[in-house]
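Engineer: Have a look at this prediction, sequence included:
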Amino acid sequence: MSCAGPGGRRRCAIVARVQTAATSTSRRYDRLDTLRGLAIVWMATFHFSFDLSHFGFTHQNFYTGTVWIVQRTCIVSIFLFCAGFGQAIALRQNLGWSRFWRRWAQVAGCALLVSVCLLPIFPRSYITFGVLHCMAVALVVMRLTAGARLWLLPLGLAAVLAPHFIAHPFFDTRWTNWVGLVTRKPYTEDYVPLLPWMGVMWWGLAAGQWVLTHRPGWVAGPAPRAVMPLAALGRWSLTFYMVHQPVLFGLTFLFTQLR
């Protein structure tokens, strides 16, 4: 198609805008995916260490041990920060509510599956509100509050600090502890309440909005070739999350039966 003449230039400009829009809606950010992939590898290592302890190969306390608590906090923080940042990207790419709800249904469905599958394995400590449950609820909040922009920073700080200053026995039950204002931590295999963790997602959303507006090159540039496997892994984070622990747990259990 020739771009000569006013009419041709106008047609070429329209085509260019359409092509740019099509590219932007499917574009992945390798650097963000790499960070998510790093968290996935760390998480898998953490879970395998838990499996070894659960079956008696090592003796570690994953519920009160400082080393393990700090690692868990870092892993969850990276995941939720990336989720908030990802919402900033989705909004910048004009991904509508229909696309959002399809992805949300995947996260919420996997959260429900985690609770159902762990109930017979850990009947006293099965997960009622873990990282996927928190993400499913917080994603809706992120979408509705994205317009607050820089106000998301103090909102995030308030969410992070709230559990340190507000607590009530009302929130200590399985039906209410998802809020996070508990007087004692519930006995469960994974507990990621909205407070404080929604604050981390708000910070990720705020950071994503600022970076995409002022420093897009920080995330838009290509990742080094050496870390591209992590980026590929980060693109399939939900699938990996759902598959890795059953595989690791099952293989460790099988090894205990064969040795």
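Structural biologist: Great, that's in hand. Computed from a prediction, not measured in an experiment: that's the story for all the values here.

Engineer: Can you tell me the SS state at the residue nearest to residue 207 when sequence neighbours are not counted?
Structural biologist: Nearest residue to residue 207, sequence neighbours excluded (C-beta to C-beta, 6 or more residues apart in numbering): residue 85, at 6.1 Å. Placement of C-beta: from N, CA and C, glycine included. Three-state call for residue 85 (DSSP: H, G, I helix; E, B strand; the rest coil): helix.

Engineer: start the count at 14, not 1, going forward
Structural biologist: Yep, numbering from 14; the last one is residue 98 now.

Engineer: just checking, residue 98 touches residue 223?
Structural biologist: No: taking contacts as C-beta atoms under 8 Å, residue 98 lies outside contact range of residue 223: 10.3 Å.

Engineer: shaky segments in this structure?
Structural biologist: Applying pLDDT under 70 to the chain flags residues 14-39.

Engineer: coming back round to it: residue 98 and residue 223: who's more crowded?
Structural biologist: residue 98 (25 against 15; other C-beta atoms under 10 Å).

Engineer: residue contacts, that one?
Structural biologist: Neighbouring residues of residue 98 by C-beta atoms under 8 Å, 6 or more residues apart in numbering: 45, 217-218, 220-221, 224, 232.

Engineer: Mark which of those residues are buried, thanks.
Structural biologist: Listed as buried from the contacts of residue 98 are 45, 217-218, 220-221, 224, 232; burial here means 16 or more other C-beta atoms under 10 Å.

Engineer: Identify the farthest-apart pair in the residues you listed.
Structural biologist: 218 and 232 (13.7 Å; C-beta to C-beta).

Engineer: in the stretch 164-272 of the chain, which spans are helices?
Structural biologist: For the stretch 164-272 of the chain, applying DSSP state H, counting those that start in this stretch gives helices covering 165-178, 207-227, 230-233, 241-248, 250-271.

Engineer: swap that for the stretch 14-163 of the chain, please
Structural biologist: Going by DSSP H, counting those that start in this stretch, the stretch 14-163 of the chain shows helices at 18-39, 43-67, 79-105, 110-131, 144-158.

Engineer: Quick one: closest of these to residue 241.
Structural biologist: For those, the distance to residue 241 is smallest for helix 43-67, at 7.1 Å, taking C-beta to C-beta.

Engineer: Show residues contacting that closest one.
Structural biologist: 71-73, 75, 81, 84-85, 87-88, 91-92, 95, 98-99, 102, 231-232, 234-236, 240-248, 250, 253-254, 257-258, 261-262, 265.

Engineer: Restrict those residues to the buried ones and give me that as a ChimeraX selection.
Structural biologist: Selecting the buried subset of these in ChimeraX, with 16+ other C-beta under 10 Å as the burial test, is done by:
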select :75,81,84,85,88,91,92,95,98,99,102,232,236,240,243,244,246,247,250,253,254,257,258,261,262,265
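
Engineer: on that earlier part again, TSV for the helices of the stretch 164-272 of the chain, including distance to residue 123?
Structural biologist: Below are the helices of the stretch 164-272 of the chain laid out as TSV (distance: least, C-beta to C-beta, whole Å):
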stretch	distance to residue 123
helix 165-178	24
helix 207-227	17
helix 230-233	26
helix 241-248	16
helix 250-271	5
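
Engineer: For residue 187, find the nearest of these.
Structural biologist: Taking C-beta to C-beta, helix 207-227 is the member of those nearest to residue 187, at 14.9 Å.

Engineer: elements contacting the closest one?
Structural biologist: helix 79-105, helix 144-158, helix 165-178, helix 230-233 (3 or more C-beta pairs under 8 Å, 6 or more residues apart in numbering; DSSP states H and E).

Engineer: mind putting the ones you listed in JSON lines, distance to residue 114 included?
Structural biologist: Formatted as JSON lines, those follow (distance: least, C-beta to C-beta, whole Å):
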{"stretch": "helix 79-105", "distance to residue 114": "12"}
{"stretch": "helix 144-158", "distance to residue 114": "9"}
{"stretch": "helix 165-178", "distance to residue 114": "22"}
{"stretch": "helix 230-233", "distance to residue 114": "25"}
